[in-house]
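Colleague: fold the following and give me the result.
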Amino acid sequence: MKVTARPAVLTVLAALIIVALGLPALGAEDEEGATTETTLASVSDPAPAVVVTPEVKVEPLADWTYRYLIPTSLVLGAVVILLTSIRYFTAVVRKRYRIVE
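Modeller: Residues are numbered from 1 along each chain as shown. Okay, here's the model as predicted:
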């Protein structure tokens, strides 16, 4: 009886967690009729005292880690995997089959 009770307890626990996480969404009130009033700026505003020109954004160069360190570590990881598979082949697979004369 103990063996079959565990899946049932886990199922009930999972259902309770799902319901507990869904309660805030069910309790939220949906106010369809509630709208906010829009405030419009007046058309006859005085001219600004100082005209500010928009700045041109210059994209910064990528950090050296993105340019050099990450590609180098990816290539180094690929080389390590390749050398490990070659070493495994020479150490294990080659010794597995021997020619008996």
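Colleague: quick one: neighbours of T84, just the number.
Modeller: By other Cβ atoms under 10 Å, 10 other residues sit near T84. (Glycine included, C-beta is placed from N, CA and C.)
Colleague: what helix or strand is it on?
Modeller: helix 70-88 (DSSP states H and E).
Colleague: pLDDT weak spots in the chain?
Modeller: Scanning the chain for pLDDT under 70 picks out 1-4, 28-36, 39-43.
Colleague: now the strands for it?
Modeller: Secondary structure of the chain by DSSP state E: no strands are present.
Colleague: for it, longest helix please?
Modeller: helix 2-27 (DSSP state H).
Colleague: check the offset of it from the chain's centre.
Modeller: Put simply, helix 2-27 sits 27 Å off its chain's centre (Cα atoms, centre = their mean, to the nearest Å).
Colleague: what distance separates the helix holding T84 from the middle of the whole chain?
Modeller: For helix 70-88, the distance to the chain centre is 25 Å (Cα atoms, centre = their mean).
Colleague: remind me what the very next helix or strand once past the longest helix of the chain packs against, helices and strands.
Modeller: Using DSSP H and E, the next helix or strand after helix 2-27 towards the C-terminus is helix 64. If you count contacts as 3 or more Cβ pairs under 8 Å, 6 or more residues apart in numbering; DSSP states H and E, helix 64 packs onto no helix or strand.
Colleague: who's in contact with helix 64?
Modeller: Residues from elsewhere that reach helix 64 (Cβ atoms under 8 Å, 6 or more residues apart in numbering): none.
Colleague: now that helix, how far from the centre of its chain.
Modeller: On Cα atoms, centre = their mean, the centre of helix 64 falls 23 Å from the chain's centre.
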